[in-house]
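Chemist: predicted structure and sequence below. I'll ask about it afterward.
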Amino acid sequence: MQELSCTSCGNRVLVDKYSPTHTSIQWLTDAEKSCPRFAAQVEAGVRSMWIPTCPALRESIDRAAGNGALRTDALRSEPIPGRLG
């Protein structure tokens, strides 16, 4: 998995991009607390498990994949446990 920061809020996540449509994200912190868009939806009464993704994070991932900063891996690997140091 590769580290990526959201260009909107700066939140850091780990990302694996397998194809244009298949992306795995490992949050390093509680999304409801570290992502302003998740926090706003939870405050509005949406349960976090029903929030599919953050549009700003998705845009950051797509941009990084498009400019080559995030490589696309054909093979899937297991997430890296723990936090970034």
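Modeler: Right, received. Where do you want to start? The structure presented is a predicted model; accordingly, all values stated were derived computationally and were not measured.

Chemist: helix or strand with the lowest mean pLDDT in the chain?
Modeler: helix 31-34 (a mean of 86; mean pLDDT, DSSP states H and E).

Chemist: which strands or helices does that one pack on?
Modeler: For helix 31-34, the packing partners by 3 or more Cβ pairs under 8 Å, 6 or more residues apart in numbering; DSSP states H and E come out as helix 36-43. (Each C-beta comes from the backbone N, C-alpha and C, glycine too.)

Chemist: which helices and strands sit right next to the helix it packs on?
Modeler: helix 31-34.

Chemist: can you list the weak-confidence ranges in this structure?
Modeler: Across the chain, the ranges flagged by pLDDT under 70 are 48-50, 74-85.

Chemist: that one: strands as residue ranges?
Modeler: Under the criterion DSSP state E, the chain contains strands at 2-5, 12-17, 23-27.
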